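1. sequence and computational prediction follow.
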Amino acid sequence: MEGLDGSSYKSNPHTDVKVRFFPEERAGSVTASDGTEVKTYRTKTHIDIWAYLLPDAVLLSDGTVLDAWKTDLFGTTYQTRDGTELLREDAPSGPEHHHVGGIEKSFDDLSEAAKPRVAEFYEKQGRLYDLQAQLERAWAAYQEDPDGFSSFFVSQDSWPAAFSEQIFYFRTDLNQTVSGNTVQQTTLCAAFDRETGANIPLADLFLCPEEEIGKRLLDLAEADSTGPADPAVKAHMEAAFRLEFLTFSQDSLELTFPPGSLSGQEHTHLVSAAFTGDCRALLQPWAVPVPSPSHS
């Protein structure tokens, strides 16, 4: 666990930890310093320290101090001094830690030269959110309605999305609470040369000019019945289109319009174009993903 290991704990033990173990048998009880009786157990395996406290981890703008419980698997939980949980953060995870069902290859299938360059790209990308701002928002929501408050959540994962003979596509999903129990997802896609690890601009993957990509994809989405047929709505989407809205999967190209990108739309709007002949013809031949096994 980052920040804590068995050796350091043995040399400087402290009580602000959460532990778990598999008891072999009951072993009586001991008397605590306040006189209460505490059950004891015996284990023949090990005791797992799965969380430890970081006191005074965050200072909010109004002077409120938050503690944090840090774990090895479930990120960090931020709470008030009285134990009220405000936010759980799953630390950003790079693509080297993910294998995805239905995608035959992973980060491990990049060349040895490519791996460090791709890892460096995501290390430099860093957090796509402002943790302090998220905590301030959570604290404000709690103060407004303590009884109805639900802990906020934020996570960021980068994982394999698709691959061709020459290109590997990774996507980053950012999930964050926007209000109440509503979590908003933002998706970014990046393409890399499988041999060199060079990041390939998404516009370079297409045969048509960059300014035509949005219109051409929306035409294909309309043909697939996932895009709008209304000319006015379609024109609105075309004007709002940005390359960062584009995501590659094994079998289709997806356009994700986030909240606020389309006037009158409070939620994410998704359209897609399957990799049929017309869609494949938009791309450089070396950029067309290998179809998933179920569609090959």
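-> Yep, that arrived. Residues are numbered from 1 along each chain as shown.
2. so where do the helices sit in the stretch 151-296 of the chain?
-> Taking DSSP state H, counting those that start in this stretch, the helices of the stretch 151-296 of the chain run over residues 213-223, 231-240, 277-280.
3. nearest residue to T64 in space, ignoring adjacent ones along the chain?
-> Sequence neighbours aside, W139 is the residue nearest to T64 in space, at 6.4 Å (criterion: C-beta to C-beta, 6 or more residues apart in numbering). For glycine as for every other residue, the C-beta is placed from the backbone atoms N, C-alpha and C.
4. now E165
-> Here the residue nearest E165, using C-beta to C-beta, 6+ apart, is W286, at 6.4 Å.
5. same check on A273?
-> L220 (3.7 Å).
6. distance check, the one you found against G277.
-> For L220, the distance to G277 equals 10 Å [C-beta to C-beta, to the nearest Å].
7. who's more crowded, these two?
-> Per other C-beta atoms under 10 Å, whichever of L220 and G277 has more neighbours is L220, with 24 against 6.
8. which residues touch the more buried one?
-> Contacts for L220 (C-beta atoms under 8 Å, 6 or more residues apart in numbering) come out as G227, L253, A273, T276, D278, C279, L282.
9. drop anything exposed from these.
-> For these, a burial check counting by 16 or more other C-beta atoms under 10 Å picks out G227, L253, A273, C279, L282.
10. from these, pick the one nearest N199.
-> L253 (18.6 Å; C-beta to C-beta).
11. can you tell me the closest non-neighbouring residue to that closest one?
-> Leaving aside its sequence neighbours, L253 sits nearest to A273 (C-beta to C-beta, 6+ apart; 5.0 Å).
12. helix, strand, or coil at the residue nearest to T64?
-> Three-state call for W139 (DSSP: H, G, I helix; E, B strand; the rest coil): helix.
13. rewinding a little: show the contacting residues for the residue nearest to L253.
-> Contacts of A273 by C-beta under 8 Å, 6+ apart are L217, L220, A221, A223, D224, T226, G227, S252, L253, L255, C279.
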